[in-house]
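Student: coords below, sequence missing:
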């Protein structure tokens, strides 16, 4: 039985960041900060994980495969 993990990572599309740099997403955890008021709950489209922002929580770890979708959510910012 062979492993397709490296092939899956190679097939993952690269994204271009705001300053034009190419950004490759990994399956490791990345952190997001929420700048909105109150609380927000987001469900990761690929993992189905539920991420809760606000309520005194500064940063939230997000699975890398969900990160490209969460970048487009207003009020969320990827922490470098």
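Tutor: Arrived safely. Fair warning: this is a prediction, and the values are worked out from it, not measured in the lab.
Student: Give the buried residues for stretch 43-56.
Tutor: 44, 51, 53-54 (16 or more other Cβ atoms under 10 Å). Just so you know, the C-beta spots here come from the backbone N, C-alpha and C atoms, and that holds for glycine as well.
Student: and the end-to-end length of it?
Tutor: 19 Å (Cα to Cα, to the nearest Å).
Student: any chance of the buried residues of stretch 43-56 in CSV, plus distance to residue 29 and pLDDT?
Tutor: Below are the buried residues of stretch 43-56 laid out as CSV (distance: Cβ to Cβ, whole Å; pLDDT from 0 to 100):
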residue, distance to residue 29, pLDDT
44, 12, 94
51, 11, 96
53, 15, 95
54, 19, 90
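Student: nearest to residue 62, of those residues?
Tutor: Proximity of those to residue 62 was ranked by Cβ to Cβ; the top entry is residue 51 with 5.8 Å.
Student: My impression was that residue 77 belongs to a helix - is that right?
Tutor: No. Under DSSP: H, G, I helix; E, B strand; the rest coil, residue 77 sits outside any helix and is assigned strand.
Student: Contacts for stretch 45-52, please.
Tutor: With Cβ atoms under 8 Å, 6 or more residues apart in numbering as the contact definition, stretch 45-52 has outside contacts at 32, 39-44, 60, 62-63, 65-66, 69-70.
Student: Which of those residues ranks first by neighbour count?
Tutor: residue 62 (24 neighbours; other Cβ atoms under 10 Å).
Student: correct me, but that residue touches residue 53?
Tutor: No. Using Cβ atoms under 8 Å, residue 62 is not in contact with residue 53; the gap is 9.9 Å.
Student: So which residues of this protein form helices?
Tutor: 5-11, 67-70 (DSSP state H).
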